[in-house]
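Student: Sequence first, then the predicted structure, then my questions.
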Amino acid sequence: MTWNMKRTKGCAAVIAAGLLWAISPATAESQNASAPEAATWKSLKSDVFGSRPIEQGEGIVRIEAPKRAEDAAVVPVDMHFKTDSKTGRIKTVTLIVDENPAPVAAVFTFGQNAGVTHLATRLRVNAYSYVRAIAETEDDKLHMTEVFVKASGGCSAPAMKNQDEAMASLGKMKLRVFPSKAPGLEPLTRATEMQLMIRHPNNSGLQMDQLTRYYIPAHFIQGLTVSQGNQLILSMQGGISISEDPNFRFAFDARTGEELKAEALDTEGKKFQDEWPLESSSL
Amino acid sequence: MAGPSRRTFLGTGLLLAGCCMPHARFASAEPAGTEALPVKEIAKGIFAFTGAPEMMSTANEGEICNIGFIIGNEGVAAIDSGGSAAEGRRLVAAIRAKTDKPIRYLINTHMHPDHIFGNSAFEGTGAVIVGHHNLRRALANRGDYYLQSYRAILGPELMSSIRIIPPAITVAGEQELDLGNRKVMLRAWKPAHTDNDLSVFDQQTRILFTGDLCFTQHIPTIDGSLLGWIRQLKDLREIHAELAVPGHGTVPAPWPQALDDESRYFDALARDIRMALADGRSMTDANRTAAQSERDKWHLFNQYNERNATAAYAELEWE
Ligand SMILES: [Zn+2]
Ligand SMILES: [Zn+2]
């Protein structure tokens, strides 16, 4: 898949698109978005989804993020999913940060029987921007929800606070399993919440070396697969908008006795993998 | 570790200063009429300026951290250059108001803009910039971002003369500087406030310039490692100093008592975040409640606490 890495952000283009937008028929979106921001999405939308119609995601996908991000390099984003027999399950979710240099942060694909109901990750947000999630259901329809985040400088802000440590532990993974708050339920019949963490700088490649005047090459996790036994839970194609030390918290229908496995691939071709046995006691 | 002999060290300095001469076109280090930064003499030959407990702005010209200088028999070492070239020029003017001795060194205690944006004011003075061995890399990675993002904060006029100038001499472990009958010990720390913190200790008067390893009044900001900082508080306490010039806060401050407030803040933050992690709470949720017991004890709590909590959460969740 191709990432929309270098979008023209000429002022004139944005203004022109803004004017067009202003005279186009009002939609639900235009009521809560000022023109330039809506214009960004308008051009982005066709780049990513072509001419496919996108419905409001209400009732199917919900997104939460802080209105004002304290650290633009680490903006927590939470998504909740709910489907019914009419739409069928959610096949993919595309996470987009409109104003980022590479707006498509990630595309998640959910396993057939994984029953993913919640997914949280952390993003870099480079400017005041809409962050949106577009879910594709089995009936091939797209459902969108969005949240406006005030943050700036997340992509070029090098978040590596402790660079030696970051490189020394590159690719290390950790899985946390959250204890259920509903004791008494059969482990096999409820969603289990887990968090997968991967040590990786997930460099944006937008930082310039002041000495050489060259940009530091991008180095990030581009693919991730999480599965249980031989069944896919979720996979991700990612970009530079995912924060340093990529972090995914998700709820799914866990099955006891089968181990959980994660495999990641970065842009330098390095593969990282780990697996964790899941005892029923940990579910 | 024994430092190099004075001759070799000063020799290197002079050599490098010589290399920098082509830059003398920027030499307007002390334009006529530059008002000297108001410094106070906290010990014989040691002067410090107290920054405002504020965020950097056009109005305060970036003068928010504590900076100073030490005068030896043969030369001067400046400690940090301030948050704008304007502040750097005012520091140079303050040095010139006290002594004619050459400014041999400009010591950068770490990478943050409030401490290094004044570096360009020292070009043409002959001062050699000294920093932690990680400082070059840190500035390579962040310098461009700092220049971009502070444009909106300081305004184009102040920004026009600010440039990122990396250190010519870097320090690993400890290194002694001799300013002429005055030995100053530089110490490079493991990741704490940042991954390039350097402290400066004047052995004669036992005055310690901590850089941002010590904050009083102004809430500490974590841009390195909370755990590393907590671990190294013990080593900081053991420095046999009388008084300290913290990076932000009261000048001078009694040592090691100056560390007590930040130590209490770090403990509160780490305790609250660990509890949130144990309860399986999300980052957003944890950040809202972390270290709230410290709210009334610091300037700029609202501006930095949640950011610190974010950093603490991302660090402690790997424990
Ligand atoms: Zn500072
Ligand atoms: Zn600092």
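Tutor: Great, that's in hand. Numbers count the residues shown, from 1 in each chain, chains lettered A, B, ... in the order given. Ligands and ions are numbered 1, 2, ... in the order given.

Student: and whichever strand or helix holds B:D235, does that touch chain A?
Tutor: Applying DSSP states H and E as the criterion places B:D235 in helix B:226-237. Yes - contact between helix B:226-237 and chain A, assessed by C-beta under 8 Å from any C-beta of the partner chain, occurs at B:G228. C-betas here are computed from N, CA, C, even on glycine.

Student: Please point out which parts of that helix sit buried.
Tutor: Buried residues in helix B:226-237, defined by neighbour count with 16 or more other C-beta atoms under 10 Å in any protein chain shown: B:226-230, B:232-233, B:236.

Student: Kindly report the same for stretch B:195-213.
Tutor: Within stretch B:195-213, the residues scored as buried using 16+ other C-beta under 10 Å are B:195-202, B:205, B:207-213.

Student: which one of those sits closest to B:N308?
Tutor: Within the buried residues of stretch B:195-213, distances to B:N308 taken as C-beta to C-beta reach their minimum at B:D212, with 12.9 Å.

Student: ok, the closest one touching B:L198?
Tutor: No - shown here, B:D212 and B:L198 do not form a contact pair, counting by C-beta atoms under 8 Å, at 10.3 Å.

Student: quick one: common contacting residues for the two?
Tutor: With contacts defined as C-beta atoms under 8 Å, 6 or more residues apart in numbering or on different chains, the residues shared by B:D212 and B:L198 are B:109-110.

Student: hang on, the earlier thing: any residue of the helix holding B:D235 touching ligand 2?
Tutor: No - using C-beta under 5 Å from the ion, helix B:226-237 stays clear of ligand 2, coming no nearer than 11.8 Å.

Student: Tell me the confidence at the nearest residue to B:D223 once chain neighbours are set aside?
Tutor: In space, and not counting its chain neighbours, B:D223 is closest to B:T194: 5.0 Å by C-beta to C-beta, 6 or more residues apart in numbering or on different chains. Turning to B:T194, the model gives it a pLDDT of 96.

Student: rewinding a little: ok, which pair from the buried residues of stretch B:195-213 is furthest apart?
Tutor: B:D195 and B:T205 (29.3 Å).

Student: check contacts around A:I90.
Tutor: The neighbourhood of A:I90, defined by C-beta under 8 Å, 6+ apart, consists of A:60-61, A:81, A:83, A:110, A:116, A:135-138.

Student: I meant B:P220, not that one.
Tutor: B:193, B:212, B:229, B:262, B:265-266, B:304, B:308.

Student: moving C-terminal of the longest helix anywhere in chain A, what's the next helix or strand?
Tutor: Counting by DSSP state H, the longest helix found in chain A is helix A:35-49. Later in the chain than helix A:35-49, the nearest helix or strand by DSSP H and E is strand A:54-56.

Student: quick one on the thing from earlier: which strands or helices does the helix holding B:D235 pack on?
Tutor: Packing partners of helix B:226-237 (3 or more C-beta pairs under 8 Å, 6 or more residues apart in numbering or on different chains; DSSP states H and E): strand B:207-215, helix B:260-278, helix B:301-316.

Student: okay if I get the ones you listed as a markdown table plus distance to ligand 1 and mean pLDDT?
Tutor: Output for those, formatted as a markdown table (distance: least, C-beta to the ion, whole Å; pLDDT from 0 to 100):
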| stretch | distance to ligand 1 | mean pLDDT |
| --- | --- | --- |
| strand B:207-215 | 4 | 98 |
| helix B:260-278 | 13 | 98 |
| helix B:301-316 | 11 | 95 |
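
Student: Out of the ones you listed, which gets nearest to B:T221?
Tutor: Across the helices and strands packed on helix B:226-237, closest to B:T221 is helix B:301-316 (C-beta to C-beta), at 5.2 Å.

Student: Any buried residues in the closest one, and which?
Tutor: Buried-residue list, helix B:301-316, by 16+ other C-beta under 10 Å: B:301, B:304-316.

Student: so which of these also contact chain A?
Tutor: Applying C-beta under 8 Å from any C-beta to the buried residues of helix B:301-316, those adjacent to chain A are B:306-307, B:309-311, B:314-315.

Student: Could you dump those residues into a markdown table and include distance to B:E54?
Tutor: Listed next are those as a markdown table, based on distance: C-beta to C-beta, whole Å:
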| residue | distance to B:E54 |
| --- | --- |
| B:E306 | 19 |
| B:R307 | 16 |
| B:A309 | 22 |
| B:T310 | 22 |
| B:A311 | 22 |
| B:A314 | 27 |
| B:E315 | 27 |
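
Student: Could I get the full set of helices for the stretch 1-150 of chain A?
Tutor: Applying DSSP state H, counting those that start in this stretch to the stretch 1-150 of chain A gives helices spanning A:11-23, A:28-31, A:35-49.

Student: quick one: contacts for the closest residue to ligand 1 within chain A?
Tutor: Per C-beta to the ion, the residue of chain A with the smallest distance to ligand 1 is A:K161, at 15.2 Å. Shown in contact with A:K161 (C-beta under 8 Å, 6+ apart): B:191, B:194-195, B:222-225, B:311, B:315.

Student: ok, the residue in the stretch 101-250 of chain A that ligand 2 sits nearest to to A:N203 distance?
Tutor: As assessed by C-beta to the ion, ligand 2 sits closest to A:K161 within the stretch 101-250 of chain A, at 12.0 Å. Distance of A:K161 to A:N203, computed by C-beta to C-beta, to the nearest Å: 14 Å.

Student: do A:T117 as well
Tutor: Separation of A:T117 from A:N203 (C-beta to C-beta): 32 Å.

Student: what's the nearest residue to A:I240 if we skip its chain neighbours?
Tutor: Counting by C-beta to C-beta, 6+ apart, A:S204 is the residue found nearest to A:I240 once chain neighbours are left out, at 4.2 Å.

Student: can you list the residues of the stretch 51-200 of chain B near ligand 2?
Tutor: Contact residues (C-beta under 5 Å from the ion) of the stretch 51-200 of chain B with ligand 2: B:H112.

Student: please redo it, this time with the cut-off set to 8 Å
Tutor: By the rule C-beta under 8 Å from the ion, the part of the stretch 51-200 of chain B lying against ligand 2 is B:65, B:109-112, B:114-115, B:193-194.

Student: Kindly reformat the residues you listed as a markdown table and extend each row with secondary structure and neighbour count.
Tutor: Supplementary listing: those in a markdown table, determined by DSSP: H, G, I helix; E, B strand; the rest coil; neighbours: other C-beta atoms under 10 Å in any protein chain shown:
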| residue | secondary structure | neighbour count |
| --- | --- | --- |
| B:C65 | coil | 28 |
| B:T109 | coil | 31 |
| B:H110 | coil | 28 |
| B:M111 | coil | 29 |
| B:H112 | coil | 24 |
| B:D114 | helix | 26 |
| B:H115 | helix | 27 |
| B:H193 | coil | 30 |
| B:T194 | coil | 29 |
